[in-house]
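Colleague: Whatever this is, show me its structure:
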Amino acid sequence: MPLYMDRHDGLNATAKSLAEAHQLDLKVQNKFNCKALTYWFDEGKQIAFCLIEAPDKKAVEEMHRNSHGLVPNQIIEVQNDIVEYFLGRISDPESVRHKEQFINETAFRAILYVDCKLLLTNLKSFKPNRIGISNIIINLIRPEITEHDGIEVKIKSEGLMASFTSITKSLQCALKIQTSINETNRKSKSSKVIASIGLSTGYPVENGNDFFGETVLLSKRLSEVANEGEIVVSNDFRNEQVQKEISTSKRFIKIINPSDEKFLNQLMEITEKIWNDEEFNVVDFSKQIGLSKAQLYRKVTALTGYSPNEFINTYRLNKALKLIERKYGNISEIAFETGFSTPSYFSKCFHKKFGILPSEYSSAIA
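Modeller: Numbers count the residues shown, from 1 in each chain. So this is what the prediction gives:
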């Protein structure tokens, strides 16, 4: 049977009254062929999310309407494993499976996205099995996520994602990852790992139909504009405790404001559609985003540190690096796949960016 999560906004409730509403759902659930599994409630913001097995969305609405009358503002279909990755459970906690216990656990999460690249600095001494992205993830990144009470979100992605109940711990985890990678790089004589990290926050059901969709997308996009060794965080990280962390780690962290977030999403929506079109240029870019070339240059440079042309080129080269690592095809195929007009121009740009020819990189990591 399908699994749904709904969102209730603008409640005038307490943890006790929400617990009572949940019990009312349990009493009538069988009449609507539903199973009310659990819920999350943020008493401060008066937002609740319910997890329910049901034949369809209409059954969810009717169950709520007939039990307590709190009709959801939004309902989306979800997968139980994804819910558990992000929220840590898919049923009531053991401690609250009695009527006298209440759930007052928010579904608000900080989402960390880490994208790693392996650069080779000495081909002669490089040994693929000694240091690599998989080893960095297994031996360094995953232990830090666990240490900071995060949950790895196992989804198909080029990077690694984790969910945290505490935005402070998510930032501390990101800082520790960057520090540990820097220490690893100092010890390596043949390679260098670069981790670009994005952090954003949000709720599981927002404007779209994807579970944590906007939050996941933003964290990924923030990582894509993070420069070497940088952590780029959304505006929700602008609080006293986080500012304290930022003040002691200025060279690591960049916090963007809401207007920058909006521009970033516009920028990435266009880039994600056209990045492998070799004919796409800055004039097209400025037309699609609705800015003059000068305005586009100023905003892209301020946000990413690159000119619009450099930004597109860097995006393409990072994609090419991933394709080489995955043995997608030969160098010519990868060049054309990533929007470069000729393999020779691709090799020239790749060498300028990474200090190694793509053919040498491919041979070294074989």
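
Colleague: To which secondary structure element type does residue 161 belong?
Modeller: strand (DSSP: H, G, I helix; E, B strand; the rest coil).

Colleague: That one: neighbouring residues, count only.
Modeller: Around residue 161 there are 24 other residues, counting by other CB atoms under 10 Å. Using the backbone N, CA and C atoms, a C-beta is placed for each residue, glycine as well.

Colleague: Does residue 52 touch residue 36 like I think?
Modeller: Yes. In this structure, residue 52 is within contact of residue 36 by CB atoms under 8 Å, at 5.3 Å.

Colleague: and for those two, which residues touch both?
Modeller: Here residue 52 and residue 36 share the contacting residues 25, 63, scored by CB atoms under 8 Å, 6 or more residues apart in numbering.

Colleague: What are the boundaries of the helices in the stretch 251-366 of the chain?
Modeller: Using DSSP state H, counting those that start in this stretch, the helices of the stretch 251-366 of the chain run over residues 258-274, 282-289, 293-304, 308-325, 331-337, 343-354, 358-364.

Colleague: just checking, what packs against the first one?
Modeller: What it means is helix 258-274. Applying 3 or more CB pairs under 8 Å, 6 or more residues apart in numbering; DSSP states H and E, one finds that helix 258-274 contacts helix 213-224, helix 282-289, helix 293-304, helix 308-325.

Colleague: next one: the longest one
Modeller: Helices and strands touching helix 308-325, as assessed by 3+ CB pairs under 8 Å, 6+ apart, comprise strand 109-120, helix 258-274, helix 282-289, helix 293-304, helix 331-337, helix 343-354, helix 358-364.

Colleague: can you pull the buried residues of it?
Modeller: The neighbour-count check on helix 308-325 (16 or more other CB atoms under 10 Å) flags 308, 311-325 as buried.

Colleague: Among these, which one lies nearest to residue 238?
Modeller: Nearest to residue 238 among the buried residues of helix 308-325: residue 311, at 25.0 Å, using CB to CB.

Colleague: Could you check how far that closest one is from residue 264?
Modeller: Applying CB to CB, to the nearest Å, the value for residue 311 to residue 264 is 11 Å.

Colleague: ranking the helices and strands packed on helix 258-274 by mean pLDDT, which is last?
Modeller: Per-segment mean pLDDT for the helices and strands packed on helix 258-274 reaches its minimum on helix 282-289, at a mean of 89.

Colleague: Can you give me the buried ones in that helix?
Modeller: Buried residues in helix 282-289, defined by neighbour count with 16+ other CB under 10 Å: 282, 285-286, 288-289.

Colleague: what's the domain layout of the protein?
Modeller: Annotated domains of the chain cover 3-96, 108-256, 258-366 [automatic domain parsing].

Colleague: wait, which of these is closest to residue 102?
Modeller: Checking those against residue 102 by CB to CB gives domain 3-96 as the closest, at 3.9 Å.

Colleague: if I read this right, residue 214 contacts residue 203, doesn't it?
Modeller: No. Using CB under 8 Å, residue 214 makes no contact with residue 203, being 9.1 Å away.

Colleague: who's more crowded, those two?
Modeller: Each of residue 214 and residue 203 has its neighbours counted (other CB under 10 Å); residue 203 has more, 18 against 15.

Colleague: In contact with the more buried one, which residues?
Modeller: So residue 203 contacts 7, 47, 49, 107-109, 212, 215 (CB under 8 Å, 6+ apart).

Colleague: Same check on residue 266?
Modeller: Residues counted as contacts of residue 266 (CB under 8 Å, 6+ apart) are residue 289.

Colleague: Quick check: the gap between residue 89 and residue 103.
Modeller: 10 Å.

Colleague: shared neighbours of the two, anything?
Modeller: Common neighbours of residue 89 and residue 103 (CB under 8 Å, 6+ apart) are residue 38.

Colleague: Those two: which is more packed in?
Modeller: The residue with more neighbours, out of residue 89 and residue 103, is residue 103; 18 against 14, by other CB under 10 Å.

Colleague: Isn't the more buried one up against residue 42?
Modeller: No. Contact criterion CB under 8 Å: residue 103 and residue 42 do not qualify, at 10.6 Å.

Colleague: Before I go, just wanted to say thanks for your time.
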